[in-house]
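K.L.:
Quick one: sequence and predicted model below, then my questions.
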Amino acid sequence: MGLTHLTIHYPRFKLSSADLRAFYPSPALSTYSYIGKFGIDEDATTLAVNAFLDLVETVGEMPKRLYLSTGKDFNSAVFLDATGINSSDVVHVPIGEVGSLQTIWEASRNEGCAFLVVDSPRGKNEKVDAYCSAAAVTGFVGKGGVEISSFDTFESASYSTSRYGSQGFDPADESMLISTVKEHLVPNSINFINFSSLKQSSRMIPNLEIKGQKTNGFSGITSGLVSLFSWLHLDFNSDVQLSIYAIDENGGASLSLQPSEKPIVIINDRRKDISLPTYLMQKEHAGNESIPQGAFISTPVYFSQKGARYRLNTAKCKDCGFIHFPPRQICKNCGSQTVSGKPLKRYGKLYTFTKILKGAAPPEFDIQQALEGDYCVGLVEFEEGPKVISQLTDVEYEDLEVDMPMKMVFRKIYRQDETDRYGYKFTCV
């Protein structure tokens, strides 16, 4: 029994660390080429939902239990509605460097369970938000795969009070962390760490593997896990022992792994470059503004439709079998009553598309257009037959073609009545 399926999910943008250092001079930034940043329609909740849905789709079944570690900006109610998992099947583990390893350990002891760790920069403070990254890592426990042989905790000196000061990660803290980890190293193991800065670490910790972190950029508390998953994907070797270490304000922990069988690893990375000025403008619009709507939909009405908006729920005619999306009570094909149908699969093809230019967007998308430019809208035909009009995301107009395969992704649509309204968009497969 071990980790058989692993995924890494990144947000839409990547920001050059060199550009960011000019504005936020953190020593931690000098180790990484870039940092992942949310688009205006993304947050920790959308990242978690998409990561989880992709994992379930890859595995082919819903996990018996999900061990979940997220920050305060995560909307648990939306996550449950969008994924369909029962709240009784979710175990929350405190967020943090140590918490991320504990989440994996708890899941690994139960076949058919999964874990999900999500880190996002929001909800801390301005400077930490600037140089911290966002990413989600998930995994499923089945027969074979990477066995986790042990989870150990140990005492660690506490961080200095300046851990998140104006210069970011305190070098004195890094020296303390390195000394602590060296005391607990497993002999002849390939090592991974969840440290913010890697300069001293890479020189002082033997057999330290950081290629994944350098290649993929800083990923917050999931950085060490990203490096571990990348190694399993690209450099897999069943003849070695693996160890990953983490230290935070609550102490230290380590996981020991034996990669007996190569897992399926999916890295979802479509990040586009974002300039520093654009990033700073987006920080000024963190999604807290309620936006007037062109065609107003009240909050009760909006959430009464969340089954279709979140999970693509349908209605099916009792007589002719016609599938309706969004659901309706009377069949438009034959006039008979309908019953609840199966949710649509997340895949379809692009039937037609257009670009919404400046001045043509509905008012609820004015800020999105101002910050991210003109956007595309398409008519997507699902595999089951229904068609739906939707925004297209993470794609360029020039790359779109009729009949190209599309996939539904979960995103923030806009904010109204002090509530984020979520729903579907589509991207190319």
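P.N.:
Looks like it arrived, so ask away. Numbering: from 1, shown residues only.
K.L.:
Verify the contact between Gly144 and Thr4 for me.
P.N.:
Yes. The pair Gly144 and Thr4 passes the contact test of CB atoms under 8 Å, sitting 6.0 Å apart. The C-beta positions use only the backbone N, C-alpha and C, and glycine is treated the same way.
K.L.:
For those two, work out which one has more neighbours and name it.
P.N.:
For Gly144 versus Thr4, neighbours defined as other CB atoms under 10 Å are more numerous around Thr4 (20 against 13).
K.L.:
Can you give me every residue that contacts that one?
P.N.:
Shown in contact with Thr4 (CB atoms under 8 Å, 6 or more residues apart in numbering): Val59, Phe140, Val141, Gly142, Lys143, Gly144, Gly145, Glu261, Pro263, Ile264.
K.L.:
ok, 10 Å please
P.N.:
58-59, 111, 139-146, 261-264 (CB atoms under 10 Å, 6 or more residues apart in numbering).
K.L.:
and the gap between the residue sitting nearest the centre point of the chain and Ser120?
P.N.:
The chain has Leu47 as the residue nearest its centroid, 3.1 Å off, counting by CA atoms, centre = their mean. Separation of Leu47 from Ser120 (CB to CB, to the nearest Å): 7 Å.
K.L.:
Overlap of the contact sets of these two?
P.N.:
Common contacts of Leu47 and Ser120, defined by CB under 10 Å, 6+ apart, comprise Pro11, Gly36, Phe38, Thr70, Phe74, Ala134, Ala135, Ala136.
K.L.:
Among those, which one lies nearest to Ile190?
P.N.:
The nearest member of the shared contacts of Leu47 and Ser120 to Ile190, counting by CB to CB, is Ala135 at 21.3 Å.
K.L.:
Settle this for me: the closest one is touching His9, isn't it.
P.N.:
Yes. The pair Ala135 / His9 is scored as a contact, 6.7 Å apart, by CB atoms under 10 Å.
K.L.:
where do the contact lists of those two overlap?
P.N.:
Gly36, Leu47, Ala51, Val118, Thr222, Asp269.
K.L.:
Give me the buried entries from those residues.
P.N.:
Gly36, Leu47, Ala51, Val118, Thr222 (16 or more other CB atoms under 10 Å).
K.L.:
ok, which pair from these is furthest apart?
P.N.:
Greatest spatial distance in these: Gly36 and Ala51, 13.1 Å, computed using CB to CB.
K.L.:
joint contacts of the two?
P.N.:
In contact with both Gly36 and Ala51: His9, Tyr10, Ala135, using CB under 10 Å, 6+ apart.
K.L.:
Do you have the strands of the stretch 301-429 of the chain handy? List them.
P.N.:
Ranges of strands within the stretch 301-429 of the chain are 314-317, 323-324, 338-341, 347-356, 375-382, 387-392, 405-416, 419-428, based on DSSP state E, counting those that start in this stretch.
K.L.:
How far off centre is the last one?
P.N.:
I take that to be strand 419-428. Mean C-alpha position of strand 419-428 versus that of the full chain (CA atoms, centre = their mean, to the nearest Å) differs by 14 Å.
K.L.:
Could you figure out how far that strand is turned away from strand 375-382?
P.N.:
Angle, strand 419-428 to strand 375-382, by axes from the mean of the first three to the mean of the last three CA atoms, to 10 degrees: 70 degrees.
K.L.:
in strand 419-428, what's buried?
P.N.:
Asp420, Arg421, Tyr422, Gly423, Tyr424, Lys425, Phe426, Thr427, Cys428.
K.L.:
before we move on, what about the fourth one?
P.N.:
Residues of strand 347-356 classed as buried under the neighbour-count rule (16+ other CB under 10 Å) are Tyr347, Gly348, Lys349, Leu350, Phe353, Ile356.
K.L.:
Which secondary structure elements does it sit against?
P.N.:
The helices and strands touching strand 347-356, judged by 3 or more CB pairs under 10 Å, 6 or more residues apart in numbering; DSSP states H and E, are strand 375-382, strand 387-392, strand 405-416, strand 419-428.
K.L.:
Now it: average pLDDT?
P.N.:
The average of the pLDDT scores along strand 347-356 is 96.
K.L.:
So Leu20 versus Ile35, what's the distance?
P.N.:
Distance of Leu20 to Ile35, computed by CB to CB: 7 Å.
K.L.:
Settle it for me: which of these two has more neighbours?
P.N.:
Neighbours were tallied for Leu20 and for Ile35 using other CB under 10 Å; the higher tally belongs to Ile35 (27 against 21).
K.L.:
Beta-bridge partners for that one, please?
P.N.:
On the basis of DSSP bridges, Ile35 is bridged to Leu15, Phe218.
K.L.:
Test my guess that it contacts Leu276.
P.N.:
No. With contacts counted by CB under 10 Å, Ile35 stays clear of Leu276, the gap being 11.2 Å.
K.L.:
okay, and the common contacts of these two?
P.N.:
In contact with both Ile35 and Leu276: Leu15, Ser16, Leu20, using CB under 10 Å, 6+ apart.
K.L.:
could I get the buried residues of strand 347-356 as CSV with distance to Val402?
P.N.:
Conversion of the buried residues of strand 347-356 to CSV gives the following (distance: CB to CB, whole Å):
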residue, distance to Val402
Tyr347, 16
Gly348, 13
Lys349, 8
Leu350, 6
Phe353, 8
Ile356, 18
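K.L.:
Low-confidence ranges, the stretch 1-150 of the chain, go.
P.N.:
Flagging of the stretch 1-150 of the chain using pLDDT under 70 yields the residue ranges 26-29, 121-131.
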